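Engineer: With the input below, show me the fold.
(one chain, ligands or ions: 1)
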Amino acid sequence: MKCNPALLRLTKPAVKSRLLRQLLIPPLIILLMLGFGVVAYLISENNGIRTLSENGERQLELHARTVESEISKYTYLPSLLELEGSVSKLLLQPDGADRQFVNEYLEGMKRRSRSRAIYILDTSGRVQATSNWRDADSFLGEDLSFRPYFQDAVRGKPGRFYGIGSTTGEAGYYLSHGLEEHGKIIGVAVIKVRLDTLEERWQRARLEAFVSDENGIIILSSDPERRLKSLQPLTPQVKERLARSLQYYWWPLNELQPLAREPLGDGVEKLTFAVNSETEPTEQKDVTYLSQTRRLADTPWNFTLLTPLQDLRRESMVQGALVAFAFALLTILGIAWNERRKVLATRLAAREALEEANSQLERRITERTVDLRASNERLKGQIRERRHAEQTLRQAQDELVQAGKLAAIGQMSTSIAHELNQPLAALRTLSGNTVRFLERGAIDVASTNLRTMNELIDRMGRITASLRSFARRGDDGGQASLCKAVDACQQLLAARLASSGLRVHRDFDEQRLAIDQTRLEQILANLISNALDATRDQERPTLWLEGELLGDKYRLQVRDNGHGIDDETRKHLFEPFFTTKPGEQGLGLGLTLSASLAAAAKGSLNVEHPVAGGSAFVLLLPLVTPPTDTAPLP
Ligand code: ADP
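Structural biologist: Residues are numbered from 1 along each chain as shown. Prediction:
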């Protein structure tokens, strides 16, 4: 299957952008995760603050009213003293005997009202009678004209004042009222109450709250640490004024100094304080509150409710973390889904490609099968043609063998005629002579002549016999004697051998070869005849017949020292009708026929070109009985 190269070939910019994406995506996801977490945290915190402030609003109202009612329940008390005649008398006649009576009256009143002290001042601000007349730190005779509550009351205004007592050093809420007699102020009645119960109540209810006065000083606080601290920075002038009025006695009036302050609305803000850790006092931690402030009725004071935001913060952080986690989870799921989608798409593409390749393959196989069938048919046709040609060739070969034989006979007919004519002429002469010798009665000479004539006739018989055997069509399955065959050839060519002076060296053993005797003689006659032609111009024409065993075959080399075979002749040597011999001398069939006869006997005929010169024809023929100890093939 062939892969689509376009799928494999990723372009450089594609690889780059992929790498960039892989590098950028993780930090981007982390950033988005943090972003979502922070946004979720802020939203959750804002919602929480809104809910808290709505709840706080109700709490603020409730507790502010409690504070208001706590304060207002004493407001009528100083004015009640106007009704007491002994008080007016004392103020009008300070030297009278009423002081003790008034002291005791005030003492009883204080007890019943559960206030800290009730006392009467004359218009100069000096204490004329007091509920704590028995105590060592009694106010009696003290000049309190510097107190603002006196100054307000002496002018006919109700005095409201929170301060620290200059005699007792105890913080308290002072309410004063100008006592009138016939429309004229004759003195001032003052009641001092402690508002500690409010603080205790807040602490019991685990409420964080404080009340700040007109100077911004915290006068009541659930946390004693914050008490008498200023909410705002105090200017030196204000500090001096407060010190002069001894309102807070000699208290340092440090600033509360929140670490952070964030206004959220009218009377609502977020405050962060540093508080000492309960377990580790040296360690400080920040606590953030939702601060809600409301003005207390009939006073210049403010009531502030503090709601801690730690729980809300913790909750918001959890929500932020949850959102970030959910985002991360969704992103991971998204990436996983995307990856899975890609894998599926790749698999689908691969499957489609495979199917496409398969169908292509099938198409090709079908095409090839058709081609193969066609070429098979063609081959079959060619085989048929070849067989036919082979048959034709074999026929032609057989005919050629026969034709060759005839040609050889034709060629040899001159020498045969010469061979036969010579004895015939001799016979005629001898027979004529013999007749004359017999007429003369020379019986001895006649019988000698007759013996010579017999010999000549024998020789002629041998010549015709070998000619007959040469012309006869041979059998493929015959056997031949090598020595006999060579003898027969030498006999056949005796005249030419004698006339040429060719010396024949025989260096071979008698062997039984698996070839028809006549065919072997025919091959050898051709080779020797060619050697005779090739050595015609040689001074010492020589022919070597050398044999050796070669496995189950016998190798006979027919070598001469003739003119040899040139390169051009070598190319066409075994071709039928190729000859270099002039005129009627050569038919060009000798080697072709000899080679085909050797091949028919499962042997071969080849040519070698000795370096020393001449030619060497190698005839390889199977033995009839191969030797048991066969020599290895070279
Ligand atoms: P022909 O003898 O009729 O020419 P052959 O087939 O026997 O046909 O020989 C073909 C040719 O091979 C010859 O014409 C000759 O040129 C060459 N040839 C054959 N035998 C020899 C040899 N012993 N030496 C040199 N040439 C040879």
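Engineer: per-residue pLDDT, the residue of the chain found nearest the ligand?
Structural biologist: Nearest residue of the chain to the ligand (C-beta to the nearest ligand atom) works out as residue 590 at 2.5 Å. The C-beta positions use only the backbone N, C-alpha and C, and glycine is treated the same way. Note for residue 590: predicted pLDDT of 84.
Engineer: these two touch, right, it and residue 529?
Structural biologist: Yes: between residue 590 and residue 529 there is a contact at 7.0 Å, judged by C-beta atoms under 8 Å.
Engineer: For the two, indicate the residue with more neighbours.
Structural biologist: residue 590 (24 against 19; other C-beta atoms under 10 Å).
Engineer: For the more buried one, which non-adjacent residue is closest in space?
Structural biologist: residue 526 (4.0 Å; C-beta to C-beta, 6 or more residues apart in numbering).
Engineer: Buried residues, stretch 588-608. List them.
Structural biologist: 588-598, 600-601, 603, 605 (16 or more other C-beta atoms under 10 Å).
Engineer: isn't there a helix covering the residue nearest to residue 590?
Structural biologist: Yes: assignment of residue 526 by DSSP: H, G, I helix; E, B strand; the rest coil places it within a helix.
Engineer: Which positions in the chain make contact with the ligand?
Structural biologist: Proximity of the chain to the ligand, by C-beta under 6 Å from any ligand atom, involves residues 526, 530-531, 534, 560, 562-563, 565, 569, 573, 578-581, 586-592, 615.
Engineer: In strands, which of these appear?
Structural biologist: In strands, judged by DSSP state E, the following of the residues of the chain next to the ligand are found: 560, 615.
Engineer: Relative to residue 81, how far out is residue 34?
Structural biologist: Residue 34 sits 69 Å away from residue 81, going by C-beta to C-beta, to the nearest Å.
Engineer: does residue 95 count as helix, strand or coil?
Structural biologist: Applying three-state DSSP: residue 95 is coil.
Engineer: Kindly apply the preceding question to residue 303 instead.
Structural biologist: strand.
Engineer: From start to finish, how long is stretch 503-517 in a straight line?
Structural biologist: 24 Å (C-alpha to C-alpha, to the nearest Å).
Engineer: Which positions in it come out as buried?
Structural biologist: 504, 508, 511, 513, 514, 515, 516, 517.
Engineer: Surely residue 316 touches residue 37?
Structural biologist: No: counting by C-beta under 8 Å, residue 316 does not reach residue 37; the two are 10.3 Å apart.
Engineer: Show me how far the helix or strand hosting residue 209 is from its chain's centre.
Structural biologist: Element membership for residue 209 (DSSP states H and E) is strand 208-212. Relative to its chain's centre, strand 208-212 lies at 67 Å (C-alpha atoms, centre = their mean, to the nearest Å).
Engineer: Given it, what are its sheet partners and their directions?
Structural biologist: strand 218-221 (antiparallel), strand 302-308 (antiparallel) (DSSP bridges).
Engineer: Now tabulate the ones you listed in CSV and tack on mean neighbour count, mean pLDDT and distance to residue 241.
Structural biologist: As requested, the strands paired with strand 208-212 are exported to CSV (neighbours: other C-beta atoms under 10 Å; pLDDT from 0 to 100; distance: least, C-beta to C-beta, whole Å):
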stretch, mean neighbour count, mean pLDDT, distance to residue 241
strand 218-221, 22, 88, 17
strand 302-308, 21, 90, 20
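Engineer: Throw these into TSV and include distance to residue 26, thanks.
Structural biologist: Converted to TSV, the strands paired with strand 208-212 look like this (distance: least, C-beta to C-beta, whole Å):
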stretch	distance to residue 26
strand 218-221	52
strand 302-308	38
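Engineer: tell me the angle whichever strand or helix holds residue 287 makes with strand 208-212.
Structural biologist: Following DSSP H and E, one finds residue 287 within strand 284-295. Inter-element angle recorded for strand 284-295 and strand 208-212: 60 degrees (by axes from the mean of the first three to the mean of the last three C-alpha atoms, to 10 degrees).
Engineer: So which bits of strand 284-295 are buried?
Structural biologist: Buried-residue list, strand 284-295, by 16+ other C-beta under 10 Å: 287, 288, 289, 290, 291, 292, 293, 294.
Engineer: Show me the two of the residues you listed that sit farthest apart.
Structural biologist: Distances among those were taken as C-beta to C-beta; the most separated pair is 287 and 294, at 21.7 Å.
Engineer: low-scoring stretches of this protein, by residue?
Structural biologist: 1-13, 250, 276-284, 400-419, 462-477, 583-584, 628-634 (pLDDT under 70).
Engineer: Surely residue 246 and residue 166 touch.
Structural biologist: Yes: with contact defined as C-beta under 8 Å, residue 246 reaches residue 166; the gap is 5.2 Å.
Engineer: Need the overlap of contacts for the two.
Structural biologist: Common contact partners of residue 246 and residue 166 (C-beta atoms under 8 Å, 6 or more residues apart in numbering): none.
Engineer: moving C-terminal of the host helix or strand of residue 66, what's the next helix or strand?
Structural biologist: Assessed by DSSP H and E, residue 66 sits inside helix 12-72. For helix 12-72, the following helix or strand on the C-terminal side (DSSP H and E) is helix 76-80.
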